[in-house]
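A.B. asks: Please find the sequence and the predicted model below.
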Amino acid sequence: MPELPEVETIRRSLEPCLTGRQITGLQIRHPGILLPAAEAFAAILPGLRILALQRRGKYLILELSEDWCLVFHLRMTGKLLWTEDPQSPVPPHTHLIFQFENEAQLRFNDVRRFGRCWLVRREEMERISGLAALGPEPIRSDFTAEILKEKLRHKKNSKIKCALLDQTVVSGLGNIYVDEALFEAGIHPLRTAGSLSPEEIHALAEAARHVLQQSIRRGGTSLRNYVDGLDRQGENQYHLQVFRREGEPCPVCGTPIRRMKIAGRSSFFCPRCQIAHPPC
Ligand SMILES: [Zn+2]
């Protein structure tokens, strides 16, 4: 699933292509991904202009003229692909095509069909329930250990791995970057959030920011089908320290990386570097 660095990379790749463009038409091939119904999209969108591209957590937000917004969540396999060649073959599983001047297109493609696209008034964006409840942005400079500590206070008995996957605690983290951040902070994924010392929470906030920013610099992690808005793969998959590296030596101590299911998700960690018990 695209996490914060992948959605941010998509945003950055599409920003110069889309900003200022006028939507001239829309092809809806699978209306099930649209909220509200397809008729509203067809009636409202043509003629509107894209003013800016924003991101919040894993949501991509296209701010449009007349105070409308298009909001995308790519879920498992959603892709947004820009093309200036309308003759280029439309890939299978393309459910939505936005058309622009000079026949340019933005195509929404999603094999698994879990992705969603909302059309909302700017002031009603908070009605998208997941978006309204999002926790702080971990790559912003105002994300501090104090804020993380406060958020974790409500999750004392949760395993830290589960607490960090909760989008109301921190927005944008998913399975890859939670595992990478916990490794970098030296915290075992089964620790309860309430057992973390202030020093560990500080290290965790720093590690989360660091692993996300590094991945953005590398264009995101392309493990399955993730590509940016110009169909380019990222390179962060070549730099993962523990994620999907079961049995390989820990880059710090050489102990084989272990995998364990936590809340149904595969979790990867170093049993030596990541401390399983609260510090005395
Ligand atoms: Zn290790």
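C.D. replies: Alright, I've got the coordinates. Numbers count the residues shown, from 1 in each chain.

A.B. asks: contacting residues for the residue nearest the centre of the chain?
C.D. replies: Residue closest to the average C-alpha location in the chain (C-alpha atoms, centre = their mean): residue 3, at 2.4 Å. Contacts for residue 3 (C-beta atoms under 8 Å, 6 or more residues apart in numbering) come out as 58, 172-177, 221. From N, CA and C alone the C-beta is placed, and that goes for glycine too.

A.B. asks: 6 Å instead, please
C.D. replies: For residue 3, the set of contacting residues under the criterion of C-beta atoms under 6 Å, 6 or more residues apart in numbering consists of 174, 177.

A.B. asks: Then the one 3 residues further on?
C.D. replies: When contacts are counted by C-beta under 6 Å, 6+ apart, residue 6 touches 220, 226.

A.B. asks: so which helix or strand takes in the residue of the stretch 51-200 of the chain at minimum distance from the ion?
C.D. replies: Taking C-beta to the ion, the ion has its nearest neighbour within the stretch 51-200 of the chain at residue 183, 8.1 Å off. Secondary-structure element containing residue 183, defined by DSSP states H and E: helix 175-185.

A.B. asks: Mind giving me the packing neighbours of that helix?
C.D. replies: Using 3 or more C-beta pairs under 6 Å, 6 or more residues apart in numbering; DSSP states H and E, the elements in contact with helix 175-185 are helix 160-165, helix 198-217, strand 265-269.

A.B. asks: Got the domain ranges for this structure?
C.D. replies: 4-132, 145-269 (automatic domain parsing).

A.B. asks: any idea how far the ion is from the residue nearest to the centre of the chain?
C.D. replies: Here the distance between residue 3 and the ion works out to 23 Å (C-beta to the ion, to the nearest Å).

A.B. asks: who in this protein is up against the ion?
C.D. replies: Counting by C-beta under 5 Å from the ion, the chain comes close to the ion at 250, 252-253, 255, 270, 272-273.

A.B. asks: Quick one: buried ones out of the residues you listed?
C.D. replies: Applying 16 or more other C-beta atoms under 10 Å to these, the neighbour count classes 250, 270, 273 as buried.

A.B. asks: Pull the contacting residues for the second one.
C.D. replies: Remark: with contacts taken as C-beta under 6 Å, 6+ apart, residue 270 is in contact with 250, 255, 257.

A.B. asks: Quickly name whichever of the residues you listed is closest to residue 227.
C.D. replies: Using C-beta to C-beta, residue 257 is the member of these that lies nearest residue 227, at 26.7 Å.

A.B. asks: pLDDT at the closest one, what is it?
C.D. replies: pLDDT for residue 257: 98.

A.B. asks: for residue 115, same thing?
C.D. replies: 94.

A.B. asks: For it, the count of nearby residues, please.
C.D. replies: Burial measure for residue 115: 22 neighbouring residues, criterion other C-beta atoms under 10 Å.
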